[in-house]
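Engineer: would you be able to build a 3D model of this:
(one chain, ligands or ions: 1)
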Amino acid sequence: MKLVPLRIIVCVKQVPDVDEIRIDKENETLVTENVHKVLNSDDTNALEEALKIKDMYEDTQVTAVTMGPPEAKDMLLECLALGADDAVLITDNILEDSDTLVTAEVLSAAIRKIGGYDLILTGRQATGGDTAQVGPQLAEKLQISQLTVVLNLKIENDMKTIIAMIESESKYKTVKLQMPCLLTAVKELNEPRSMSLRGILGAKKKEIKVWSVKDIGVSPDAVGSKASPTKVVRTFVPLHNKNCKFIRAETETEAAQMLLKEVQGKYIIR
Ligand code: FAD
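Structural biologist: From the prediction side, this is the model:
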């Protein structure tokens, strides 16, 4: 029986390298100028899972998609070198100041333009924003099923069903769901591969489509800060007061009583 090729879309984001980010304590902002940009960590796991499926079913088509500045092309080249078949960059000045909901709207419009898909993989969260909202919002926009924090996944022989293990409130659950669907990946899902020289050389021959907001049929009024329901009121560095007190007592009961008194005094419990 000839298997129908799978179509997988992986949403990837270019983020500042966390090891290089500094905090401007005076203005309470993150300093990201001159910081290297890298492929978001969870997205490397999302891409790896798509490539593992492609290793198993070689007709699988993997497309990496990002919304970002023109420099995000470098990250897409990395995805192509790792094994993605093609890539899409949605870039436009009017996207500046877009929040997660607008990001999901733009990605959903681009994915509709790409055409059919069986599976969409995203990271759970992206360094910087760290909201973990884009994956679930995208599934909602596309009206498809979703599973978040996927630790393990397998495609059934019918090539239509996924069996995935997810983490949910300190429990593990095994869930079966039909494609098309969206899954969000975490680092426990797999061990991302490294780029090969052959992959790097081959990447330049693969296609990166560059689309504007107009190209994907989204109104300019639906993007940017005016269309974003999230308003950042204040950014600040939280103060952590790490006072440590050792309780010393003759017996465990006495120690417990002293501890109780201590936390009651601090209104942690009554
Ligand atoms: P998460 O929801 O944590 O990401 C989850 C996963 O979704 C990622 O692992 C990835 O797979 C996917 N994903 C997320 N973002 C993208 C993307 N862009 N392309 C493809 N896949 C993606 N950011 C800017 O870069 N420039 C701005 O001008 C800007 N202005 C903002 C203004 C406001 C008011 C707010 C609230 C945010 C702004 N941001 C801006 C941040 C931007 O909206 C978020 O970085 C972005 O929506 C992703 O959110 P997140 O980092 O929390 O991702």
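Engineer: for Ile23, what are phi and psi?
Structural biologist: phi -110, psi 130 (degrees, to the nearest 10).
Engineer: give me the neighbour count for it.
Structural biologist: 12 (other Cβ atoms under 10 Å). C-beta: built from backbone N, CA, C; applies to glycine.
Engineer: the strands in the protein, which residues?
Structural biologist: Secondary structure of the chain (DSSP state E): strands located at 7-11, 14-16, 22-24, 29-31, 37-39, 61-67, 86-90, 119-123, 145-155, 161-168, 171-178, 181-185, 208-211.
Engineer: do you know how far Glu96 is from the ligand?
Structural biologist: 4 Å (Cβ to the nearest ligand atom, to the nearest Å).
Engineer: around the ligand, which positions in the stretch 151-270 of the chain sit nearby?
Structural biologist: Ser225, Ser228, Thr230, Val232 (Cβ under 6 Å from any ligand atom).
Engineer: ok, Glu78 - contacts?
Structural biologist: Leu39, Met195, Ala203 (Cβ atoms under 8 Å, 6 or more residues apart in numbering).
Engineer: list buried residues within these.
Structural biologist: Leu39, Ala203 (16 or more other Cβ atoms under 10 Å).
Engineer: in JSON lines, list the contacts of Glu78 along with pLDDT.
Structural biologist: Below are those laid out as JSON lines (pLDDT from 0 to 100):
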{"residue": "Leu39", "pLDDT": "97"}
{"residue": "Met195", "pLDDT": "95"}
{"residue": "Ala203", "pLDDT": "97"}
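Engineer: out of the contacts of Glu78, which comes closest to the ligand?
Structural biologist: Leu39 (9.7 Å; Cβ to the nearest ligand atom).
Engineer: enumerate every residue touching the closest residue to the closest one other than its chain neighbours.
Structural biologist: In space, Leu39 comes closest to Met75 once its chain neighbours are excluded; the distance is 5.1 Å by Cβ to Cβ, 6 or more residues apart in numbering. Shown in contact with Met75 (Cβ under 8 Å, 6+ apart): Val12, Gln14, Lys37, Val38, Leu39, Thr66, Gly68.
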